[in-house]
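I would like to see how this sequence folds:
(2 chains)
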Amino acid sequence: MSIKETLASSILEATQKAIAMGTIKDGKLPEVLLTVPPQKEFGDFATNFAMQAAKALHCSPRVLAQALVDNLAAPYVEKAEIAGPGFINFYLKQDWLYELLEKIVKAGDEYGNLKQENPEKIQLEYVSANPTGPLHVGHGRGAAVGSALANLMLAAGYNVEREYYINDAGNQMDNLAASVNARYLALFAVECEFPENGYHGTDIIDTATRIKAKYGDKFVKMDEAERLAQFKILAKEEKLAALKEDLKAFNCEFDVWFSEQTLHDANCIKEVCDYLLGTGDMYEKDGALWLKSSAYGDDKDRVVIRDNGVPTYLAADIAYHRNKFQRGFDRVINLWGADHHGYIARMKAAVGALGYKPEQLEVLILQMVSLYRDGELVKMSKRTGKSVTLNELVEEVGTDAARYFFIMRSIDSQLDFDLTLATEHSSDNPVYYVQYANARICSIMHQMSEEGIGIDLNAPLNSLTEEVEIDLIKKLGEYEELIASSARERAPHRIAHYAYDLAGMFHSFYNQCRVLGVNKDVQQARLLLIQAVGHTLKHSLSILGVSAPEHM
RNA sequence: ACGCCUGUAGCUCAGUGGAUAGAGCGUCAGCCUCCGGAGCUGAAAGCGGUGGUUCGAUUCCACUCAGGCGUACCA
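The predicted structure follows:
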């Protein structure tokens, strides 16, 4: 039981006791919330319970608080004081901190990994960019946040599977094939008009060049239709391989790569349409098939099969989401860019029409990214004149900085990415600031071992009495609760902030307290403390997908 | 016109139904006989506006102003 839980149950016991004694009247009690007070003078923990419960118990907050304090019997509590309008402030004996640190030390590098009994089966789908070109910076934010969220939820004990949906069907694949076709023929000086909706990126030329390198002029004399069919397959393979490589290099893992084409091949779209026609949630009008999405909260009904018989994107997505739920996921989370938010209502409607609860589909919307260099907005890549790709970004600032900067803001906020700051090797750059704290710890550990000084895991900790030391232990103690709440609220940016704060506290400690050249008891206690800080920093960085080098 | 997100310090952003709203950059003032100065310490400076709910609102609600994004038989 955590100290907060202990205190909370003690307060409830005190309440019951006071009621039994007739000091206060009975009534419906609210939940006991314990917080860390805004100032240290207010103690280690505080609760507003007396204020919350006052009305139900028919007495004033301060009277209730007094009754609770009088009847309180809780371990570790040195004193409990009533303050302000009715807060109860708890001042704890320092033993609780030493026992807390002891627990953290014992957990080692497992500290921060939580277990859940019977966790929901959750699927997290992220990035899912079309395999028609390179990832740009917007995808990069999705990749960083999605992978960090997966790491976070896994640490918090959720059962999460990560998936990438490959849009390898539909018009854009024909455009891709036609674009590669034009570039390929150009390499052989064969005249060919570039398709109107083609992809103009230089990566298409690269693709054509690679095909030429591999197959030579094999396709030049081929019949146009057959050549396009071949290029559709070859280009997709090539693009997909590049995506996989880039994402892997960006520390993004996927458990499943799901091809849209397989839904078409397995006739899933016809099946789901038949199903919805059967339930009456789909109907025919003007030669097209419509989803009755307005019956499930959408603004209007949506076309699923066009009057020419070709399914819309939504058709595949309905079949896809049915497939997801048929695979047994209790909850499906999609991470989408802000430009897709208008799609949420119809997708949730579709899920409802399929007989699942719309809440089982959770759509997270990620706001847009703007790049700044030297205070100036960067609209296009200098090299290509097109939008900046993830690879270009990583080349400029590195994977660690790119990931950290993408993750450190709330997903609800638009992101101004400061390229200049991200490349700086100084304390101004939060990534280096955090990594440097870990490197300093590693350096101390290294020197200790060179001097032949080992770490005694059972060393007494009560010589940790400096204010920074106490602050560090308290901060470490917050970590597991942070993992749980950030995962629950899908807020990986909080982990970035925590790592930064913890690193800051460590740097303060480092400037005030020495580990080398102090007496043995203090040294051992401090070693355990910084080891725990190191483990926690590394744990949080690994959630962010950022490296924790020993030397920098 | 409607929908989603955002409006907090000069700038970029955290944060919370509660007791004196935090950090970085920038500005100003300090710290290297010291385990890595890629560091530390200090100062000035702020919740877009109007109402409402509440014992208490920067936080919740309504309206309003401002910015971003979106409203396809595109994907």
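
Output the helix or strand harbouring A:A484 as PDB, nothing but the C-alphas.
If you go by DSSP states H and E, A:A484 is part of helix A:479-488. What follows is helix A:479-488, C-alpha atoms only, in PDB (Å, rounded to 0.1, in the frame of the first residue of the first chain):
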ATOM      1  CA  TYR A 479       7.000   8.100 -10.700                       C
ATOM      2  CA  GLU A 480       4.700   5.000 -10.600                       C
ATOM      3  CA  GLU A 481       1.700   7.100 -10.000                       C
ATOM      4  CA  LEU A 482       2.800   9.300 -12.900                       C
ATOM      5  CA  ILE A 483       3.100   6.200 -15.200                       C
ATOM      6  CA  ALA A 484      -0.400   5.100 -14.300                       C
ATOM      7  CA  SER A 485      -2.100   8.500 -14.700                       C
ATOM      8  CA  SER A 486      -0.200   9.500 -17.900                       C
ATOM      9  CA  ALA A 487      -1.100   6.200 -19.500                       C
ATOM     10  CA  ARG A 488      -4.700   6.500 -18.400                       C
END
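
And that helix, how far out from the chain middle?
When C-alpha coordinates are averaged (C-alpha atoms, centre = their mean, to the nearest Å), helix A:479-488 and its chain have centres 12 Å apart.

And for stretch A:259-277?
On the basis of C-alpha atoms, centre = their mean, stretch A:259-277 sits 31 Å off its chain's mean C-alpha point.

Can you give the contact residues for it?
The contact list for stretch A:259-277 (C-beta atoms under 8 Å, 6 or more residues apart in numbering) reads A:165-170, A:282-283, A:289, A:291, A:304-305, A:311, A:315-316, A:318-320, A:322-323, A:353-354. Every residue, glycine included, has its C-beta placed from N, CA and C.

Out of those, which sit inside helices?
Among the contacts of stretch A:259-277, the residues falling in helices (DSSP state H) are A:315-316, A:318-320, A:322-323, A:353.

ok, of the residues you listed, which come out buried?
Buried members of the ones in helices among the contacts of stretch A:259-277, scored by 16 or more other C-beta atoms under 10 Å, are A:315-316, A:318-320, A:322, A:353.

doesn't A:R183 make contact with A:F231?
No: using C-beta atoms under 8 Å, A:F231 is not in contact with A:R183; the gap is 9.8 Å.

Show me what counts as buried in the helix or strand A:D471 falls within.
Per DSSP H and E: A:D471 is located in helix A:467-477. For helix A:467-477, a neighbour-count test (16+ other C-beta under 10 Å) marks A:468-469, A:472-473, A:475-477 as buried.

As JSON lines, these with distance to A:A249 would be great.
Listed next are these as JSON lines, based on distance: C-beta to C-beta, whole Å:
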{"residue": "A:V468", "distance to A:A249": "38"}
{"residue": "A:E469", "distance to A:A249": "40"}
{"residue": "A:L472", "distance to A:A249": "35"}
{"residue": "A:I473", "distance to A:A249": "37"}
{"residue": "A:K475", "distance to A:A249": "33"}
{"residue": "A:L476", "distance to A:A249": "32"}
{"residue": "A:G477", "distance to A:A249": "36"}
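
Can you name the residues in contact with the helix holding A:A484?
With contacts defined as C-beta under 8 Å, 6+ apart, helix A:479-488 is touched by A:2, A:4, A:111-112, A:114, A:152-153, A:155-156, A:158, A:491-492, A:494-495, A:498, A:536, A:539-540.

Filter those down to the buried ones.
Using 16+ other C-beta under 10 Å as the burial test, the contacts of helix A:479-488 include A:4, A:111-112, A:152-153, A:155-156, A:158, A:491-492, A:494-495, A:498, A:536, A:539-540 as buried.

can you tell me which of those residues are in strands?
Of the buried ones among the contacts of helix A:479-488, none are assigned to strands by DSSP state E.

just the residues of the stretch 101-250 of chain A that are near RNA strand B, which are they?
Listed as neighbours of RNA strand B in the stretch 101-250 of chain A under the rule C-beta under 7 Å from any atom of the strand: A:130, A:167, A:169-172.

can we see that at 10 Å?
Within the stretch 101-250 of chain A, the positions adjacent to RNA strand B are A:128-132, A:167-175, A:197 by C-beta under 10 Å from any atom of the strand.

For ChimeraX, what selects the buried ones among the residues you listed?
Here is the ChimeraX command that selects the buried residues among these (16+ other C-beta under 10 Å):
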select /A:128,129,130,131,132,167,168,169,170,172,173,175
